[in-house]
Each structure stands twice: as structure tokens, then as C-alpha cells.
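Peer 1: Here is a sequence together with a model predicted from it:
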Amino acid sequence: MLHRARFPLVAFAALLAACGFDPAGSQAWEPPAVYQEWWAKTEACSGLSGDFERVEWLIVPGPSFRCSSGDCVGHWDPGHKIFVASDWAAHEMVVRHEMLHDLMRRSGHPSPPFGHGCPLTWETWHPAQQSSPTPTVKLLD
Ligand SMILES: [Zn+2]
């Protein structure tokens, strides 16, 4: 009887885990100082303004993580949460792409501001150094 009684609890826990975006291993972290600079640049190119302090930053160890559209290097959550794969945490475009979602308070990539105004997509981003390798995983939610 005891082992049967545990079953509904396990099912309930699985249901809770499926609710909300929470990639394995994600942890809260303090954004580096340059992020404030990137935030200001993203406000400037989009003409939008928002509160940098309100964003909750989460880092996910590794090159990518599971997201609804496949494997992502970044993901924005409407609750002002930004998830970044640790391998991409220093990539200006990846980070600013997610910042722009927070400033717009929506997902999707209308142009402007994506592309026209803010070149924050793989297609429109032109980094100063051309040596960066083409990423295999590059989905940005
Ligand atoms: Zn996106």
C-alpha cells in the first residue's frame, strides 16, 4: 500500500516541473558590468526604455539548452527573465537580442526594431571581428 500511495505525488511533481521554462542546470547570476552598456545601446537603437534592474538573469551551463523551438542559446521569458547559455554569455548580439525582447515585452522578431534599427539577429549582426566561427546552434527565443 505504501508504494502505491507515493504515485500521485510523483505525477504531481512531474506536472510542476513541466510548468514554466526552467532548463536543466539554470542558475541565477549577477550580470557583468558590460550588460548595462549593452542595455543602454539596445534602448537607444529601439527607442524603447525599460528597467535593467528588473531583469532576472539566468545562466545555463554549456553551448545551448532545450527550448520550445529546439536548442536555444538565449531565451526571454515574459516574467522579465533572460536565459543565456554560458558559452554565449559574452556575445553582444545574443545578449542584446534577449534584452530587446524585454524592452518590447513580447516574443517574435518584427522589423523594426529587429534588423532595421537594431541589427540583433544572426542575419543582420556584423561584428567588428570577422573571425568568429559560424555557430551550429543559434536559435534565439
Ligand atoms: Zn528572439
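Peer 2: That came through, no problem.
Peer 1: So for the closest residue to Phe52 other than its chain neighbours, what's the pLDDT?
Peer 2: Sequence neighbours aside, Trp39 is the residue nearest to Phe52 in space, at 4.6 Å (criterion: C-beta to C-beta, 6 or more residues apart in numbering). Where you see a C-beta, it was placed from the backbone N, CA and C, and this is true even at glycine. Looking at Trp39, its pLDDT is 98.
Peer 1: Check Asp141 too.
Peer 2: Residue-level pLDDT assigned to Asp141 equals 85.
Peer 1: contacting residues around it?
Peer 2: Counting by C-beta atoms under 8 Å, 6 or more residues apart in numbering, Asp141 makes contact with Cys67, Ser68, Ser69, Cys72, Gly74, His75, Trp76, Ser107.
Peer 1: filter these to the buried ones?
Peer 2: Burial by neighbour count, judged by 16 or more other C-beta atoms under 10 Å, picks out Cys67, Cys72, Gly74, His75, Trp76 from these.
Peer 1: And the residues you listed, which is closest to Ala44?
Peer 2: Using C-beta to C-beta, the shortest approach to Ala44 within these belongs to Trp76, at 19.2 Å.
Peer 1: ok so the residue nearest to Phe52 is a helix residue?
Peer 2: Yes: remark: Trp39 belongs to a helix, assigned using DSSP: H, G, I helix; E, B strand; the rest coil.
Peer 1: tally of neighbours for it?
Peer 2: Counted with other C-beta atoms under 10 Å, residues neighbouring Trp39 total 23.
Peer 1: nearest to Gly47, of the buried ones among the contacts of Asp141?
Peer 2: Comparing the buried ones among the contacts of Asp141 against Gly47 with C-beta to C-beta places Trp76 closest, at 18.7 Å.
Peer 1: hang on, the closest one in a strand?
Peer 2: Yes: residue assignment for Trp76, taken from three-state DSSP, places it within a strand.
Peer 1: Was I right to think it contacts Asp102?
Peer 2: Yes: taking C-beta atoms under 8 Å as the definition, Trp76 is a contact partner of Asp102 at 6.0 Å.
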